[in-house]
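Asks: Let me see the structure of the following:
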Amino acid sequence: MKLKKLIIVSGILLGFCEMLQAQNQLVTYPAPQGVELKKDFTVKVRQPGKEWQTIATYPVKVDEVRDTKHHVELASMGYFDFEGEVEVSVTSNNGTINTGRVCPLSYGIAPQINGSTLTFKLDRPRNLSIEVNGDIFHNLHLFANPIDGNKPKKLKDRNLIYFAPGVHQLPGDTLNVPSGKTVYIAGGAIVKGCIQVVNARDVKVLGRGEVHPEGRGAGIKIINSRNIEVEGLITTQCPTGGSDSVTIRNVKAISSYGWGDGMNVFASNNVLFDGVFCRNSDDCTTVYATRMGFNGGCKNITMQNSTLWADVAHPIFIGLHGNPEKNEIMENLNYINIDILDHKEKQVDYQGCLAINVGDNNLVRNVRFENIRIEDFRQGQLVNLRIFFNKKYCAAPGRGIENVLFKDITYNGTNAELSIIAGYNEERKVKNIRFENLKINGEVIYDDMPSKPKWYKTGDMARFFIGEHTEEVTFTK
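Replies: You can find the predicted model right below:
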């Protein structure tokens with residue numbers, strides 16, 4: 001009887017240990033031999049009580065606008081996978097760390113600083129910017145991924161296109177992926193060129209490695225395709241056009257050149273972005289109707305659990321392009337649980353962290369911005385909702401903006417300029433705009449707030465200009 005109990009207890013303990021081991025994993029990826037690395041930081045990671053493992057740090061180009069001119073700077077980037085808890089050590093190889101922060105700030109990660117090294121812990125996957133002594137152009141982009149469940153179990157599969165660790169140059173700089181195929185780019189792999197899914201269906205592009213052209217341009221494109229998944233990769237741009245049923249998850253897009261939008265949507269439906277990171281030299285994410293040879297409106301687009309950083313233009317931009325002869329519609333657009341780290345745009349026409357600018361006889365309706373945290377960006381506006389006629393890009397003014405909800409939006413900072421909400425004329429209005437629990441520097445802005453003089457518009461308390469041809473703009477707790 002005692003032996004039986006001992007066997008049962010031992011089995012329970014063994015199962016518990018196996019469960020703990022499964023819950024605590026760490027995977028690092030050595031850099032390909034001969035590839036250029038960035039030496040600004042020495043980055044290490046470990047499971048508590050275990051040996052430190054070094055993370056390869058690569059150069060990544062970002063765009064700094066100074067004196068209205070663009071300057072390409074080299075920041076750092078590294079990545080690893082884990083489950084459970086890890087400790088991270090980042091040493092600045094350029095001297096003492098006087099100040100250091102880990103962004104998004106909403107994660108509440110307070111690093112410990114000792115000389116030239118800062119340390120912190122992670123208990124879940126995070127896409128981070130680590131900034132030393134206030135330098136955001138030579139920062140460390142550190143992508144702490146979940147354990148990769150997509151890694152192929154067998155490599156000899158006629159439907160698998162596999163890129164092993166190392167450097168790969170695509171023939172003709174392009175890989176066109178046929179229907180039914182899975183492309184897997186392993187951690188420690190760098191694919192030079194563009195992976196395209198064109199007129200295909202049931203395609204997956206997965207992994208942990210990098211995909212990007214030698215110069216400018218998108219590393220991954222989805223064109224006139226259906227039922228497509230992209231997950232886990234690092235690239236420059238990842239546009240979707242003329243497509244349906246697309247999921248882009250935990251993809252990181254960093255660009256430095258003109259027109260370097262991160263994740264565009266053109267004339268597509270049922271697109272989900274989940275857990276993406278965009279730092280871009282133009283808009284981070286857009287929704288457009290007819291554009292770039294793709295035709296039609298857009299519906300059912302969702303971005304969630306993501307981080308956006310616009311070195312130029314908008315973090316989120318909706319509505320500019322369409323076919324003015326078709327009266328196209330962009331509807332059912334959702335932006336939920338998002339951190340906006342930066343927004344830098346001097347041109348007033350192109351400002352707005354959360355921007356809907358409607359042209360080309362488009363109608364934008366049923367848009368939801370919820371649980372969005374905006375850090376103190378460098379220059380721009382919080383909100384820009386306008387129906388306008390931008391003759392540089394449009395052939396007609398927009399038709400309307402209707403039914404937009406801003407719920408649980410927070411901004412902490414001092415650099416926001418005057419936000420704008422304005423229609424075009426009595427036939428082309430902005431209407432039914434609801435702000436619920438808009439919090440600016442800790443103060444909730446609502447119609448009956450005690451500090452608001454009765455003769456003020458509520459928008460005045462938020463530094464929002466609510467102009468002509470608007471209806472039913474409300475602010476509630």
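Asks: Only C-alpha atoms from now on, for both contacts and neighbour counts.
Replies: Noted.
Asks: Mind splitting the chain into its structural domains?
Replies: What automatic domain parsing lists as the domains of the chain is 25-146, 237-476.
Asks: Can you measure across the last one, start residue to end residue?
Replies: The one in question is domain 237-476. End-to-end distance for domain 237-476: 38 Å, by CA to CA, to the nearest Å.
Asks: Also the first one?
Replies: Between the opening and closing residues of domain 25-146 lies a distance of 10 Å (CA to CA).
Asks: What segments of the chain are helices?
Replies: 2-23, 458-462 (DSSP state H).
Asks: lowest-confidence stretch among those?
Replies: For the helices of the chain, the weakest mean pLDDT is recorded on helix 2-23, namely a mean of 51.
Asks: one step back: just name the most buried of the domains of the chain.
Replies: domain 237-476 (a mean of 21; mean count of other CA atoms under 10 Å).
Asks: related to what we said a few turns ago, want to throw the domains of the chain into a markdown table with distance to V191?
Replies: Putting these into a markdown table (distance: least, CA to CA, whole Å) gives the following:
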| stretch | distance to V191 |
| --- | --- |
| domain 25-146 | 11 |
| domain 237-476 | 14 |
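Asks: Could you double-check that E85 sits in contact with Q47?
Replies: Yes. Between E85 and Q47 there is a contact under CA atoms under 8 Å: 6.4 Å.
Asks: To L206, which of the domains of the chain lies closest?
Replies: Across these, L206 has its closest neighbour in domain 237-476 (9.4 Å, CA to CA).
Asks: what's N323 in contact with, if anything?
Replies: Listed by CA atoms under 8 Å, 6 or more residues apart in numbering, the contact set of N323 reads 289-291, 295-296, 360-362.
Asks: Look at it and report its pLDDT.
Replies: 98.
Asks: Would you check how far apart it and A396 are?
Replies: Going from N323 to A396 by CA to CA gives 9 Å.
Asks: quick one: common contacting residues for those two?
Replies: Here N323 and A396 have 360-361 as joint contacts, going by CA under 8 Å, 6+ apart.
Asks: where in this protein is pLDDT low?
Replies: Applying pLDDT under 70 to the chain flags residues 1-22.
Asks: make it 90
Replies: Within the chain, the segments meeting pLDDT under 90 span 1-24, 67-68, 215.
Asks: Chain neighbours aside, what residue packs nearest to G467?
Replies: A422 (4.8 Å; CA to CA, 6 or more residues apart in numbering).
Asks: Just confirm that neighbour contacts E471, I think it does.
Replies: No. Look at A422 against E471 with CA under 8 Å: they stay out of range, at 9.7 Å.
Asks: Need the residues touching each of those two.
Replies: 429-430.
Asks: Between E85 and Q47, which contacts overlap?
Replies: Counting by CA under 8 Å, 6+ apart, the residues touching both E85 and Q47 are N24.
Asks: quick one: contacts for V72?
Replies: V72 neighbours (CA under 8 Å, 6+ apart): 61-64, 256-257.
Asks: Out of those residues, name the ones that lie in strands.
Replies: Among the contacts of V72, the residues falling in strands (DSSP state E) are 61-64.
Asks: These: which two are farthest apart?
Replies: Spatially, the most separated pair among the ones in strands among the contacts of V72 is K61 and E64, at 9.9 Å (CA to CA).
Asks: show me the residues around the residue nearest to A396 when sequence neighbours are not counted that make contact.
Replies: Once flanking residues are discounted, A396 sits nearest to D360: 4.5 Å by CA to CA, 6+ apart. Residues near D360 by CA under 8 Å, 6+ apart: 320-324, 327, 389, 394-399.
Asks: what do you get if the cut-off is 7 Å, keeping everything else the same?
Replies: 321-324, 394-398 (CA atoms under 7 Å, 6 or more residues apart in numbering).
Asks: Using TSV, please lay out these together with distance to R216.
Replies: Output for the contacts of D360, formatted as TSV (distance: CA to CA, whole Å):
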residue	distance to R216
H321	23
G322	25
N323	28
P324	30
C394	25
A395	28
A396	31
P397	32
G398	31
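Asks: Name the nearest of these relative to N441.
Replies: Of all those, N441 sits closest to G398, with 33.1 Å by CA to CA.
Asks: partners of the residue nearest to the closest one when sequence neighbours are not counted in the sheet?
Replies: Once flanking residues are discounted, G398 sits nearest to G359: 3.7 Å by CA to CA, 6+ apart. Beta-bridge partners recorded for G359 (DSSP bridges): P397.
Asks: G359 against G400, yeah?
Replies: No. Shown here, G359 and G400 do not form a contact pair, counting by CA atoms under 7 Å, at 8.9 Å.
Asks: how about Y162, what does it touch?
Replies: Neighbouring residues of Y162 by CA under 7 Å, 6+ apart: 183-185.
Asks: L155 versus that one, what's the distance?
Replies: Going from Y162 to L155 by CA to CA gives 7 Å.
Asks: Please identify which of the contacts of Y162 is nearest to T99.
Replies: Proximity of the contacts of Y162 to T99 (CA to CA) peaks at I185, which lies at 36.3 Å.
Asks: Give the bridge partners for that closest one, please.
Replies: F163, G207.
Asks: I figured it hits K204, correct?
Replies: No. Between I185 and K204 there is no contact under CA under 7 Å: 11.0 Å.
Asks: ok, back up a step: between G359 and G400, which contacts overlap?
Replies: In contact with both G359 and G400: I387, using CA under 7 Å, 6+ apart.
Asks: returning to that earlier point: could you check how far the residue nearest to G398 is from R428?
Replies: 10 Å.
Asks: tell me, what's touching these two both at once?
Replies: The contact sets of G359 and R428 overlap at G398 (CA under 7 Å, 6+ apart).
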